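Visitor: any chance you can model this:
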Amino acid sequence: MSAYEYLLLMGACVLITLPLELLFQARVYRRWKSALWAIVPVVLVFSVWDVVAIARDHWHYNERFVTGIRLGDLPLEELVFFLVIPLCALLSYEAVGTVLEALRSRRGGRRSHSDAPQPHKEGRR
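Guide: Coordinates of the predicted model:
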């Protein structure tokens, strides 16, 4: 295995989910500030968690499968994973929402809570 296979896999994840932005109008890349607000906390929490786990010898990374580029104790590949996977999840979530909205529209519109039948509110006499 190459030291770059993991990074290539992360690149493939981005490429595979790119059509969700273009064809299904996920609008994640267009709303990049909102995407950052969603992704940055994930990156921070899991990066700290990884660094602590590495420092405590809970796990390590086999040097044959990483590039050797590190940000402190954190391998570059792990940081890229924490960026790419939430991005792909956001793209998937938004694309599914767009498809469901289109299906609702075809069925005659969305029915909100306020449109639901209400129980009879008159009391007995």
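Visitor: which stretches of this structure form strands?
Guide: Taking DSSP state E, the strands of the chain run over residues 70-71, 74-75.
Visitor: what's the pLDDT at the closest residue in space to Glu94 that isn't next to it in sequence?
Guide: Once flanking residues are discounted, Glu94 sits nearest to Ala26: 3.7 Å by Cβ to Cβ, 6 or more residues apart in numbering. Quick note: C-beta positions are derived from backbone N, CA and C, even for glycine. Looking at Ala26, its pLDDT is 86.
Visitor: same thing with the one 3 residues further on?
Guide: According to the predicted model, the pLDDT of Tyr29 comes to 90.
Visitor: show me what contacts it?
Guide: By Cβ atoms under 8 Å, 6 or more residues apart in numbering, Tyr29 lies in contact with 21, 35.
Visitor: follow-up on the earlier one: any chance of a markdown table for the strands of the chain, columns mean neighbour count?
Guide: Compiled in a markdown table, the strands of the chain are given as follows (neighbours: other Cβ atoms under 10 Å):
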| stretch | mean neighbour count |
| --- | --- |
| strand 70-71 | 13 |
| strand 74-75 | 20 |
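Visitor: closest to Leu9 out of these?
Guide: Proximity to Leu9 (Cβ to Cβ) singles out strand 74-75 among those, at 13.9 Å.
Visitor: packing partners of the closest one?
Guide: helix 32-55 (3 or more Cβ pairs under 8 Å, 6 or more residues apart in numbering; DSSP states H and E).
Visitor: give me the distance from the helix it packs on to the chain's centre.
Guide: Distance of helix 32-55 from the chain centroid (Cα atoms, centre = their mean, to the nearest Å) equals 12 Å.
Visitor: format the strands of the chain as TSV; extra columns: mean pLDDT.
Guide: Converted to TSV, the strands of the chain look like this (pLDDT from 0 to 100):
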stretch	mean pLDDT
strand 70-71	93
strand 74-75	94
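Visitor: mind putting those strands into CSV with distance to Val14?
Guide: Below are the strands of the chain laid out as CSV (distance: least, Cβ to Cβ, whole Å):
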stretch, distance to Val14
strand 70-71, 20
strand 74-75, 18
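Visitor: which one of those lies closest to Ala95?
Guide: strand 74-75 (29.9 Å).
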